[in-house]
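Q: give me the fold of what follows.
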Amino acid sequence: MENETLPGKKTKERKDRPKKRKFHGNKYTTPTKIAKTPEKNVSRTTGVETSSSKKLQKSQACVDTSRQEIEGFRFVDISTLINFVVSTPCKNCLSQTSRGRSSVCTPSYSVEETLKGVNTVLIISCNICNAVVKLDFSPNQNINMRFQFSMYSVGVDIEKSNRFLACMDMPKFVSPNCSASYRNRIHAAVSEVSSASMSSAAEELKDETGEATVSCDGTWQRRGFSSKNGVATVISVPKDKCQAVKVVDVEVLSNYCDTCAKAKCKKTEEQYRAFSHDNCQKNHTGSAGSMEPEGMVRIFARSEDKHGLQYTNYLGDGDSKSYRQVCEADVYNGKEINKLECCGHVQKRMGKRLMDKVAQCKGQKFQENGKAYTGIGGAGRLTSKAIKPIQGHYGGAIRKNCHSVEAMRKSIWSIFHHRGGRHDLCGDWCKKDNKNVLPQFVLDEIEPIFQDLSSDALVSKCTHGGTQNTNESFHNLIWNRCPKNIFVGRQRLEIAVLDAAVVFNDGELGRCDIFKKLNLSCGKHMVSGLQKLDSKRIKKSAARSNADKKVQRQRQQHTQNNTTDETYEAGAF
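A: Prediction:
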């Protein structure tokens, strides 16, 4: 039966069929390619352009990676590697066999290992021909430098690093002296890269007048006034919303030096007076509370030489100690420095003043409608639950009316009259009912607070509508790299601060410049991982900036504040 086909079915000859596609590989056969640009523009997809997207998308556009198919570092079981090596015939023996000088024999090797921190050097000797091969897994001990900087970037000290290595059944890290030399090199590289990053941020802030508005704040390694380390930070406040917020300058202060402290314990008083060393970590004399003012004076004094800028507008919190000392230092030869208030701190003043007034009036007697009251706090009067909405409405009145001092004052007083049952000044948010109306004697007591917090002297300093949230965000990056529960010296803290400044300004990919300064390669795995972290940061920033998400977070927070936890009661068990 030649060429027999089923009825109703057609057959295709090979020449009638489409040409078979050639196989060009797939994701399992081709090397991974690292894109030089982000996978997608998150700001375009979400409709929100955040400060993070402005900063990071620019830095992601210029990343160079190596073209090797297999690269980077791996965790390897050394016994498996040695078993594989010793089962391979010696190259020298095979060469002699091919020339007829000897017969093929079973490979026989002796292996010696030399440890240099986390780097391993294997010396493999053939017992037959005495050939020696040296296998260095990380020439120049680059892996040790990379390991130490990586531990710094995640806030882990050397002691915890050795614990990690012990649990991983890996050799311990290098000696303290060798680690100190690595720390010096890392500090020099981070200082150089961060200085360039902050200079670039200052150039973006500079205009034809050479004047700028900056947000100034301080942070300490420990709470209270017992901290030995403190940091003063200055962050840009751009005039144009198209510009990103970046770190312009930092100053790390410490009133402690470990070397000097040990010398004081071991030496006599005369010997200690004569004792001196070049690398003293102490650069501040005084209390922890004086670190922020001193740091701000140093930053303002060098602004013209370092960046060619004059910080003529000082955005700070209500504590004017730093601002006052900067003005007294007269760093700009008589030019006035204006004080701007943080809207977030001003908003908190309302809640603090009302709570203080409740405590002040505790025990006082009041009369209204023939009924006696004790104090202005309690049910139907001022409670913490009633104060929080007043504080929130006060903050909203400031932020929504930044264009006009008069509109701001009018909106603030509408809150007061709303609580008194007058709704002629209320906006669309008011339901025009008399719910939660405060008694007249309570209104009389809190009226001076509204007068103080709606004065021209105060609200005129809030017309910028800005806060110090960016400073707090930057401080969070610092203490993620240098946890507050572990004391460190000034050099180690400076590495954390400067590395945080690079990441805050240029994203995680900004670290590539630091690795290049340390003569460390930036492989595809490193670049890909850092790009993913930057993309995640942009997405989170866009989600937080979304108006609907903000309302949702406020409602969740309000629900949590109103929910009482009854799982524990004093004396109930």
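
Q: Thr259: how many residues sit nearby?
A: 14 (other C-beta atoms under 10 Å). (C-beta placed from N, C-alpha, C; glycine too.)

Q: and Phe450, by the same measure?
A: Neighbours around Phe450, by other C-beta under 10 Å: 22.

Q: please apply the same query to His307.
A: 20.

Q: what about it, distance to Pro293?
A: 21 Å (C-beta to C-beta, to the nearest Å).

Q: ditto for Glu208
A: The value you get for Glu208 to Pro293, if C-beta to C-beta is used, is 31 Å.

Q: right, and Leu533 touches Glu508 too?
A: Yes: counting by C-beta atoms under 8 Å, Leu533 does reach Glu508; the two are 4.5 Å apart.

Q: which one's more surrounded, the two?
A: The neighbour comparison of Leu533 against Glu508 (other C-beta under 10 Å) goes to Glu508, with 23 against 13.

Q: which residues touch the closest residue to Lys267 other than its chain neighbours?
A: Using C-beta to C-beta, 6 or more residues apart in numbering and skipping the chain neighbours, the partner closest in space to Lys267 is Phe275 (6.1 Å). Residues in contact with Phe275 (C-beta atoms under 8 Å, 6 or more residues apart in numbering) are Cys260, Ala263, Lys267.

Q: mind listing the helices for the stretch 301-450 of the chain?
A: 303-307, 321-329, 343-360, 384-399, 405-419, 440-453 (DSSP state H, counting those that start in this stretch).

Q: just the pLDDT at Ser200, thanks.
A: Model confidence at Ser200, given as pLDDT, is 93.

Q: that one sits in which helix or strand?
A: helix 176-205 (DSSP states H and E).

Q: what's the answer for Lys134, then?
A: Lys134 is located in strand 132-136, with elements delineated by DSSP H and E.

Q: now do Ala212
A: strand 211-220.

Q: please apply the same query to Ala263.
A: Here Ala263 is assigned to helix 258-266, by DSSP H and E.

Q: what residues does the helix or strand that that helix is followed by touch?
A: Using DSSP H and E, the helix or strand that follows helix 258-266 in sequence is helix 269-274. The set of residues external to helix 269-274 that reach it, using C-beta under 8 Å, 6+ apart, is Ala263, Lys264.

Q: what of stretch 333-347?
A: 213, 215, 300, 310-318, 320, 323, 326-327, 391-392, 394-395, 398-399, 453, 458, 461-462, 464-469.

Q: from these, list the buried ones, please.
A: Buried members of the contacts of stretch 333-347, counted by 16 or more other C-beta atoms under 10 Å: 213, 215, 300, 310-317, 323, 326-327, 391-392, 394-395, 398, 453, 458, 461-462, 464, 466-468.

Q: distance between stretch 523-530 and the chain's centre?
A: Offset of stretch 523-530 from its chain centre (C-alpha atoms, centre = their mean, to the nearest Å): 19 Å.

Q: go on, stretch 135-153?
A: Computed by C-alpha atoms, centre = their mean, the chain-centroid distance of stretch 135-153 equals 24 Å.

Q: okay, it in PDB with CA atoms only?
A: Output in PDB follows, covering the C-alpha atoms of stretch 135-153 (Å, rounded to 0.1, in the frame of the first residue of the first chain):
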ATOM      1  CA  LEU A 135      45.100  27.900  43.400                       C
ATOM      2  CA  ASP A 136      44.300  31.300  44.900                       C
ATOM      3  CA  PHE A 137      40.500  31.800  45.000                       C
ATOM      4  CA  SER A 138      40.800  35.600  45.500                       C
ATOM      5  CA  PRO A 139      44.100  37.200  44.400                       C
ATOM      6  CA  ASN A 140      45.100  40.300  46.400                       C
ATOM      7  CA  GLN A 141      42.600  39.100  49.100                       C
ATOM      8  CA  ASN A 142      39.800  41.200  47.500                       C
ATOM      9  CA  ILE A 143      37.200  38.800  49.100                       C
ATOM     10  CA  ASN A 144      38.300  40.000  52.600                       C
ATOM     11  CA  MET A 145      37.800  43.600  51.700                       C
ATOM     12  CA  ARG A 146      34.400  42.900  50.000                       C
ATOM     13  CA  PHE A 147      33.300  40.800  53.000                       C
ATOM     14  CA  GLN A 148      34.100  43.500  55.500                       C
ATOM     15  CA  PHE A 149      32.400  46.300  53.600                       C
ATOM     16  CA  SER A 150      29.400  44.100  53.000                       C
ATOM     17  CA  MET A 151      29.100  43.400  56.700                       C
ATOM     18  CA  TYR A 152      29.300  47.200  57.300                       C
ATOM     19  CA  SER A 153      26.500  47.800  54.800                       C
END
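
Q: going forward, count from 17.
A: Renumbered: residue one is now 17, and that last one reads stretch 151-169.

Q: list the buried ones in that stretch?
A: Neighbour-count burial for stretch 151-169, counted by 16+ other C-beta under 10 Å, picks out 153-154, 157-165, 167-169.

Q: what's the answer for stretch 546-566, then?
A: Quick answer for stretch 546-566 (16+ other C-beta under 10 Å): Leu546, Gln547, Asp550, Ser551, Arg553, Ile554, Lys555, Ser557, Ala558, Ala559, Ser561.

Q: narrow those residues to those in helices?
A: Using DSSP state H, the subset of the buried residues of stretch 546-566 located in helices is Leu546, Gln547, Asp550, Ser551, Arg553, Ile554, Lys555, Ser557, Ala558, Ala559, Ser561.

Q: pLDDT for the contacts of Phe291 - can I get that in JSON lines?
A: Listed next are those as JSON lines, based on pLDDT from 0 to 100:
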{"residue": "Cys276", "pLDDT": "86"}
{"residue": "Ala279", "pLDDT": "82"}
{"residue": "Lys283", "pLDDT": "79"}
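
Q: which of these lies closest to Gln380?
A: Top of the list for closeness to Gln380, among the contacts of Phe291 and by C-beta to C-beta, is Cys276 at 55.7 Å.

Q: which residues does that closest one contact?
A: Here Cys276 is in contact with Phe291, His293, Cys296, Lys298 (C-beta under 8 Å, 6+ apart).

Q: please tell me how far it sits from Lys416.
A: Counting by C-beta to C-beta - Cys276 and Lys416 are separated by 54 Å.

Q: one more: Cys183?
A: Taking C-beta to C-beta, one finds Cys183 at 54 Å from Lys416.

Q: who's more crowded, the two?
A: Lys416 (13 against 8).

Q: give the contact list for the residue nearest to that one when sequence neighbours are not counted.
A: Excluding its sequence neighbours, the residue lying closest to Lys416 (C-beta to C-beta, 6+ apart) is Ser427, at 7.0 Å. If a contact means C-beta under 8 Å, 6+ apart, then Ser427 has Ala413, Lys416, Asn417, Gly443 as its contacts.

Q: now do the SS call for the residue nearest to the spatial centre of the chain.
A: Of all residues in the chain, the one closest to the mean position by C-alpha atoms, centre = their mean is Leu493, 2.4 Å from it. Following DSSP: H, G, I helix; E, B strand; the rest coil, the label given to Leu493 is helix.
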